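> Below is the sequence, then the predicted model.
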Amino acid sequence: MRRYDTFEAVNHDLKLLKIQSQIDTEELKLCLNETKESLSPGNLVTGLLGGFATSAVIFKLLNPLIGFGISRLIKKFTK
């Protein structure tokens, strides 16, 4: 704990703490607004569609490989 020798030092630290508290409050407001924005229906739909689009691209890329693997298994077991 800090010891203060003058009221000026106490007032200085109180001003700094008040400013830091205001900064923290504004940062909290900003984070809250960013969270609200990211959870908006438009952003949720965009994220969901983006996920489906990514899944579709991956499926299109892997589909020939899966088909090749299945056809080899069928040939192996039918001989």
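Cool, the structure landed. Numbering: from 1, shown residues only.
> Now residue 55: which helix or strand?
helix 41-78 (DSSP states H and E).
> for that helix, what is the average pLDDT?
Taken as a whole, helix 41-78 has a mean pLDDT of 73.
> Equivalent analysis for stretch 6-26, please.
Averaged across stretch 6-26, pLDDT comes to 97.
> can you give me how far the strand or helix carrying residue 33 is from the chain middle?
Element membership for residue 33 (DSSP H and E) is helix 7-38. Mean-position distance between helix 7-38 and its chain equals 24 Å (C-alpha atoms, centre = their mean, to the nearest Å).
> same question, stretch 2-22
The answer for stretch 2-22 is 37 Å, by C-alpha atoms, centre = their mean.
> what's the closest non-adjacent residue to residue 2?
Among residues not flanking residue 2 along the chain, residue 13 sits closest, at 7.6 Å (C-beta to C-beta, 6 or more residues apart in numbering). (C-beta placed from N, C-alpha, C; glycine too.)
> what's the spacing between that neighbour and residue 19?
In this view, residue 13 and residue 19 are 11 Å apart by C-beta to C-beta, to the nearest Å.
> How many neighbouring residues does residue 68 have?
The number of residues packed near residue 68 is 10, by other C-beta atoms under 10 Å.
> Kindly report the same for the one 5 residues further on.
Residues within reach of residue 73, counting by other C-beta under 10 Å, total 10.
> How about residue 22?
Residues near residue 22, counting by other C-beta under 10 Å, number 10.
> hmm, back to that, what angle sits between the helix holding residue 33 and helix 41-78?
Here the directions of helix 7-38 and helix 41-78 differ by 60 degrees (axes from the mean of the first three to the mean of the last three C-alpha atoms, to 10 degrees).
> Show me the protein divided up by domain.
Listed by automatic domain parsing, the domain ranges of the chain are 1-39, 41-79.
> how much space is there between residue 50 and residue 2?
Residue 50 sits at a distance of 52 Å from residue 2 (criterion: C-beta to C-beta).
> Those two - which one has more neighbours?
Legend: neighbour count by other C-beta under 10 Å for residue 50 and residue 2, higher for residue 50 (10 against 6).
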